[in-house]
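[1] need a 3D model of the sequence below.
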Amino acid sequence: MASLVDVPPPLLVVLLGPTASGKTALSLQLAETFNGEIVSCDSVAVYRDFEIGTAKPTPAERHRVPHHLIDIASPTEPYSAGEYSRAARAALADISSRGRLPIVTGGTGLYLRALVSGLFPGPARVQELRRRLRESEERRGNGHLHRMLRRLDPAAAGVIHPNDLPKLIRALEVALTAGQPITAAWAEGRNPLTGYRILRIGLDPDRRQLYARINQRAAQMFALGLVDETRELLAKYGPHPGLFNALGYRQAAAYLRSECALETAIQQAQQGHRNYAKRQLTWFRREPDVHWLRGFGDQDAVAASAIELVRAAADP
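    Residues are numbered from 1 along each chain as shown. Below you'll find the model as predicted:
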């Protein structure tokens, strides 16, 4: 009879891939095959009321399989990667304690890093500095903070998008208050996730096919009422600087301000999502020990390969 020390730690499946690569479909199939539950890893899906532009799992999909960390935060309050990491780790422990398989899936690389690798114990937020930085961006125009970050921390500027104001402000805040670049701090004092055997599965579809899906998805969001949803959210919450910078919502808001035609807004959203997919793949390529599968998560051959990977990992 095996002793307790021979019992392997529980399995954790991490499903990576760019936007529109079929992560949701594959995560559902894996969860139904292996008695699993899904932990979302998406920095916009955590917020309530933002629906169409986030590509959240549908109510029917959430009914099929339990989902965690969707619709948990108020759009009026920022939700940090550290908060996500703590909540996600609690969800993983709960899922595993009930003998079910936790499956983390989503496209936010920073959230995944916070969950698996841990975050550095950076300096506390300085609200006055953050206010001045935000006002400086508004006064000097989009791109000002990113140019500042390029001078202070070129490595961070290389992975933080010029429109991602919350991450830009945090990176500058660390550089200015801690006296070191955030990329240097990232490498120090982390608290990595322990107690799991982590199986990383990555989706790597053909780039042209991926872009075609992205274009179709972005256009469909507008067809499903993204502009009306954005109008309602603006009326309810005001022009929240973080969430209304999210892809799709940013372009819909620009259309509502009469800054561009609807067709232009759609094209800009499509381009933004394509660029985002490139950055996601670049980020995820840095993840260790990823089993990359060529294709989309809703293709039978890809799903079969993923199932075999999980089955082999589940029976070490």
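[2] low-scoring stretches of the stretch 1-150 of the chain, by residue?
    1-5, 120-124 (pLDDT under 70).
[3] mind running it again at 80?
    1-6, 78, 119-125 (pLDDT under 80).
[4] and T194, how many neighbours?
    Other residues lying near T194 total 7 when counted by other C-beta atoms under 10 Å. Backbone N, C-alpha and C define where each C-beta goes, glycine included.
[5] ok, now G82?
    Neighbour number of G82 under other C-beta under 10 Å is 15.
[6] ok, now S117?
    17.
[7] wouldn't it be in contact with Y111 here?
    No - assessed by C-beta atoms under 8 Å, S117 is found out of contact with Y111, at 11.1 Å.
[8] show me the contacts for A303.
    25-26, 29, 297 (C-beta atoms under 8 Å, 6 or more residues apart in numbering).
[9] export only the CA atoms of the helix or strand hosting it, formatted as CSV.
    According to DSSP states H and E, A303 maps onto helix 300-314. Provided in CSV are the C-alpha atoms of helix 300-314 (Å, rounded to 0.1, in the frame of the first residue of the first chain):
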residue,chain,number,x,y,z
ASP,A,300,-11.5,17.4,-33.2
ALA,A,301,-7.8,16.5,-33.7
VAL,A,302,-6.6,19.2,-31.4
ALA,A,303,-9.1,18.2,-28.7
ALA,A,304,-8.1,14.5,-29.0
SER,A,305,-4.4,15.5,-28.6
ALA,A,306,-5.2,17.6,-25.5
ILE,A,307,-7.3,14.8,-24.0
GLU,A,308,-4.4,12.4,-24.4
LEU,A,309,-2.0,14.9,-22.8
VAL,A,310,-4.3,15.3,-19.8
ARG,A,311,-4.9,11.6,-19.5
ALA,A,312,-1.2,10.8,-19.5
ALA,A,313,-0.5,13.5,-16.9
ALA,A,314,-3.4,12.4,-14.7
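[10] what residues sit buried inside that helix?
    Neighbour counts using 16 or more other C-beta atoms under 10 Å place 302-303, 305-306, 309-310, 313 of helix 300-314 among the buried residues.
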